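**Student:** Below are the sequence and a predicted model; questions follow.
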Amino acid sequence: MNSKKIIKWSGSKTYLKPYVDDFIEDALKRGDLKEPFSYFEPFFGSGAVYFHLKEKYNIKTAYLNDNLQELIYFYRYLRDNNVSYFYKYLKNKADIYNSKRNYNTKNNTYIEWRKQYNDLITNKNFNNLKKSELKEMSTLFILLNQTCFNGVYRKNPKGLFNVPHGRSYKKDVDKYNHINLPSLESFKFVSKSLENSELIAGDYKSSLRKAKRGDLVYLDPPYFDTVNYYGSETFSKENHIELRDIVDSLLENGVNIILSNSNSRESRKLYDGQMLSIRSIPVTRTIQRKKSKNQVYKRDKKELFITSTKPLKVVELFAGVGGFRLGLEKKSNTDYKIVWSNQWEPLTKTQHASMVYKERFNTKTNEHSDKDIFTVETKDIPNHDLLVGGFPCQDYSVATTLKNSKGLIGKKGVLWWAIHRILDEKGSKRPKYLFLENVDRLLKSPSTQRGRDFAVMLKSLDELGYAVEWRVINAADYGMPQKRHRIYFLGYHKSTKIYKELKKSEKSSWLLKLGVLAKAFKAKQIEPETTFELNGTLDEISKSFNKNGKLSPFLNTGLMINGQVMTLKSNAVYRGKQTLLKDIVQTKGIDNSFYLTNSELKDWKYLKGAKKIERKDSKGFVYTYSEGSMSFPDSLEKPSRTIITGEGGPAPSRFKHVIKQRNKYRRLTPVELERLNMFPDNHTKLDGITDSKRAFFMGNALVVGVIEKIGSTLLKSID
């Protein structure tokens, strides 16, 4: 990058070379950027980034802007005129300066050049300058740049260039007062690189109007903590906010963004939460920095290097306290962004889970809804790439056949049909991917028509253009701390690359090797696969699917595409470390209320033990109710049993966890319950939220580690 620069410039971005290259190579690999591409740089300066890119990549058209008119007209002169002739004229003046052996005469020459330059640029219409005047202005621009203080360009309120001569008096005047012009080859390279470019001298906003999807924009505005804008104007906080809004618009339109800014609290706050990757990189400045004892410029700690990441925009339904969000939006991961979420608990006035969600993720009013999803209009839900949610298991039977000629709908209040309604009404804007979770009994409900509910769901997704793959996953089988069986299923719209790959793949290979779930969680087949077709309409499937069948045809692993189903039974394959209950328990700071008293212990042991009880039903029939014993206390040397919603509170229960620690029996704390679902400690701790309510949240939650693993694998398949 250094070799092709022809001017010195304060704040030059020469050091960005490896970071810019990494971003562009990744963007080319993803297909977000394709050569030749259009390039926009509205704060051009020395053009260090552009000239590097021009040397390495195929840039179709460049739109280069700076509000410093003399800079842009200098570049225009180089682009449009004979560079060899100009360089000869420039070198002659530089040689005259270098030939002077007295510092004072050199300083006088500098002052005279500065006066001539100001006469050319002050209160002038640059478009009316004669060609000879443009040549003289361009020559003086380079000479002053080479001899002023550190390449600074500063003007006073009258618009006069007022930077002092860059060297103080020294005996060895050749060493401290000598112009070393860049080579003629460097000037020719710059001139050639500016062909097919628009050089704009004006407001940065106007130079971005032509930016569109697939283009590359590099933004290097004056920084928050160094806001001088060539001394004539300042780039204020309001200007930075305006630029942030423009960046937002560019991202929405699919433009690739690189942005530099100071590693300041203001900069981070401004761009945090947008669809951007923000990283801090080391930087060395040569302006306004103190020198160390050995005369080497100190390195600034950091500078922000901000880039567009093109994250998948996610809508999270039935969000609870944010398990999906925690798994997808890891701190180190910027590839997913939750753009809207919904959490509503029926039969309760205060929406406690929604309170926790909004507090933990600092959601804006338009980013989270705590209303009944059936009352939220689809148009008020942002367009998105991925829809996620852990929806309740209900009766998914179809209640009617037609409604307003819009096809089949389900029973009022059944939440699957809320998902279906959103997908249907989004039309061509419906999400490309679905990532949903439910209890594993979904595969075999209802008891009177095994598998019907899942068949209705698959058929409805098929009609909307999705293929689906599913797997029942026990988190503990893959080293996680809780034995929690859940069905996870992914939907791929027919417009996606994954759908097309699935369509042409051998289906059993997809389920065991090639699919997203197979790559995320290895499994082996233990029973032969079966195939069948989902024939008929939704109404017909609802009424007749597996009528009188004793077993569900859906096994714990399967897929559906174009109405064709393949399903098989598989077991987990995992040889990694196992997280045990003892690994997550707290060892200190336990409130006394969690310990069982001697009088309570008797009731707990009874409820956990085996028993046979004579009971009588409503018709007077006498029968014996029996149940086996449960481990008491729970073993610390195994993963935990499944957390239930009634885990909280001191009342004795057969299903709550009890552990023995230091010869005392106690219930699990809210923090331990959070850890079993791999939530951050005290994620659910909030004023007004009881320990019992926190336990309820975790009983309804999912294991975050499963979501994280599937989410990261899905990204790799999309790329």
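**Tutor:** Received the coordinates, thanks.
**Student:** going forward, measure contacts and count neighbours with C-alpha atoms only.
**Tutor:** OK.
**Student:** Mean pLDDT per helix and strand in the protein: which one sits at the bottom?
**Tutor:** Of all helical and strand segments in the chain, the minimum by mean pLDDT, DSSP states H and E falls on strand 398-400, at a mean of 40.
**Student:** which stretches of the stretch 1-150 of the chain form helices?
**Tutor:** 17-30, 48-56, 69-80, 83-99, 103-121, 131-147 (DSSP state H, counting those that start in this stretch).
**Student:** Columns distance to residue 651 on top of these, output as a markdown table?
**Tutor:** A markdown table is the format used below for these (distance: least, CA to CA, whole Å):
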| stretch | distance to residue 651 |
| --- | --- |
| helix 17-30 | 55 |
| helix 48-56 | 67 |
| helix 69-80 | 78 |
| helix 83-99 | 89 |
| helix 103-121 | 85 |
| helix 131-147 | 81 |
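**Student:** now for these, which one comes closest to residue 648?
**Tutor:** With distances scored as CA to CA, the stretch of these nearest to residue 648 is helix 17-30 (47.1 Å).
**Student:** can you give me how far that closest one is from the chain middle?
**Tutor:** Put simply, helix 17-30 sits 17 Å off its chain's centre (CA atoms, centre = their mean, to the nearest Å).
**Student:** Now for the residue lying closest to residue 266 once chain neighbours are set aside, how many residues are close by?
**Tutor:** The shortest distance from residue 266 to any non-neighbouring residue, by CA to CA, 6 or more residues apart in numbering, is to residue 224 (7.2 Å). Applying other CA atoms under 10 Å, we find 18 residues neighbouring residue 224.
**Student:** So residue 224 is in contact with residue 234, correct?
**Tutor:** No. Contact criterion CA atoms under 8 Å: residue 224 and residue 234 do not qualify, at 10.4 Å.
**Student:** wait, isn't residue 166 in contact with residue 143?
**Tutor:** No. Contact criterion CA under 8 Å: residue 166 and residue 143 do not qualify, at 11.7 Å.
**Student:** which of these two has more neighbours?
**Tutor:** A count of neighbours by other CA under 10 Å puts residue 143 above the other of residue 166 and residue 143, at 22 against 18.
**Student:** quick one, what contacts the more buried one?
**Tutor:** Taking CA atoms under 8 Å, 6 or more residues apart in numbering, we find residue 143 in contact with 90, 94, 179.
**Student:** now do residue 676
**Tutor:** Neighbouring residues of residue 676 by CA under 8 Å, 6+ apart: 481-482, 584, 640, 703.
**Student:** Emit the ChimeraX select command for whichever of the residues you listed are buried.
**Tutor:** In ChimeraX syntax, the buried subset of these is picked out as below (16 or more other CA atoms under 10 Å):
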select :481,482,584,640,703
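**Student:** Closest to residue 662 out of the contacts of residue 676?
**Tutor:** Taking CA to CA as the measure, residue 662 lies nearest residue 584 of these, at 15.7 Å.
**Student:** Torsion angles phi and psi at the closest one?
**Tutor:** When read as degrees, to the nearest 10, the backbone of residue 584 gives phi -110, psi -10.
**Student:** Would you enumerate the residues in contact with it?
**Tutor:** Each residue near residue 584 by CA under 8 Å, 6+ apart is listed here: 481, 672, 675-676.
**Student:** Please repeat the previous calculation with a cut-off of 10 Å.
**Tutor:** Residue 584 sits next to 481, 636, 639-640, 671-676, 678 when contact means CA atoms under 10 Å, 6 or more residues apart in numbering.
**Student:** Next, the buried residues of stretch 530-548.
**Tutor:** 534, 538-539, 541-542, 545-546.
**Student:** Quickly find the element holding residue 423.
**Tutor:** Per DSSP states H and E, residue 423 falls inside helix 416-426.
**Student:** what are the C-alpha coordinates of that helix, in PDB please?
**Tutor:** Extracted in PDB, the C-alpha atoms of helix 416-426 (Å, rounded to 0.1, in the frame of the first residue of the first chain):
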ATOM      1  CA  TRP A 416     -48.800 -23.500  15.000                       C
ATOM      2  CA  TRP A 417     -51.400 -21.600  12.900                       C
ATOM      3  CA  ALA A 418     -49.900 -18.300  14.100                       C
ATOM      4  CA  ILE A 419     -46.600 -19.400  12.500                       C
ATOM      5  CA  HIS A 420     -48.400 -20.600   9.400                       C
ATOM      6  CA  ARG A 421     -50.300 -17.300   9.100                       C
ATOM      7  CA  ILE A 422     -47.000 -15.300   9.200                       C
ATOM      8  CA  LEU A 423     -45.300 -17.500   6.600                       C
ATOM      9  CA  ASP A 424     -48.400 -17.500   4.400                       C
ATOM     10  CA  GLU A 425     -49.000 -13.700   4.500                       C
ATOM     11  CA  LYS A 426     -45.400 -12.800   4.000                       C
END
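**Student:** After it, which helix or strand is next?
**Tutor:** strand 433-439.
**Student:** Which other helices and strands does the helix holding residue 423 contact?
**Tutor:** Using 3 or more CA pairs under 10 Å, 6 or more residues apart in numbering; DSSP states H and E, the elements in contact with helix 416-426 are strand 386-390, strand 409-410, helix 452-463.
**Student:** so where is the stretch 401-550 of the chain shaky, pLDDT-wise?
**Tutor:** 401-413 (pLDDT under 70).
**Student:** Could you pull out the strands in it for me?
**Tutor:** For the stretch 401-550 of the chain, strands defined by DSSP state E, counting those that start in this stretch occupy the ranges 409-410, 433-439, 466-474, 485-493, 523-533.
**Student:** out of the helices of the stretch 1-150 of the chain, nearest to residue 365?
**Tutor:** Judged by CA to CA, the one of the helices of the stretch 1-150 of the chain that comes nearest to residue 365 is helix 17-30, at 32.8 Å.
**Student:** From the contact counts, what lies against that closest one?
**Tutor:** Against helix 17-30 (3+ CA pairs under 10 Å, 6+ apart) you get helix 48-56, strand 216-219, strand 256-262, strand 299-308.
**Student:** Now the helix holding residue 423: buried residues?
**Tutor:** For helix 416-426, the neighbour count (16+ other CA under 10 Å) marks 416-424, 426 as buried.
**Student:** so how far is that helix from its chain's centroid?
**Tutor:** Here the centre of helix 416-426 is set off from its chain's centre by 25 Å, with CA atoms, centre = their mean.
**Student:** what do you get for stretch 612-625?
**Tutor:** Stretch 612-625 has its C-alpha centroid displaced from the chain centroid by 57 Å (CA atoms, centre = their mean).
**Student:** what's it in contact with?
**Tutor:** For stretch 612-625, the surrounding residues in contact (CA under 10 Å, 6+ apart) are 611, 626-628.
**Student:** if we can go back for a sec, for the contacts of residue 676, which one is nearest residue 501?
**Tutor:** Closest approach between those and residue 501, by CA to CA: residue 703, at 28.9 Å.
**Student:** quick one: contacts for the closest one?
**Tutor:** Counting by CA under 10 Å, 6+ apart, residue 703 has contacts 323-324, 326-327, 474-476, 480-486, 674-679.
**Student:** Got a quick PyMOL command for the buried subset of these?
**Tutor:** Only the buried entries of the contacts of residue 703 go into this PyMOL selection, using 16+ other CA under 10 Å:
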select buried, resi 323+324+326+327+474+475+476+480+481+482+483+484+485+486+674+675+676+677+678+679
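**Student:** In helices only, show me the contacts of residue 703.
**Tutor:** 323-324, 326-327, 674-676 (DSSP state H).
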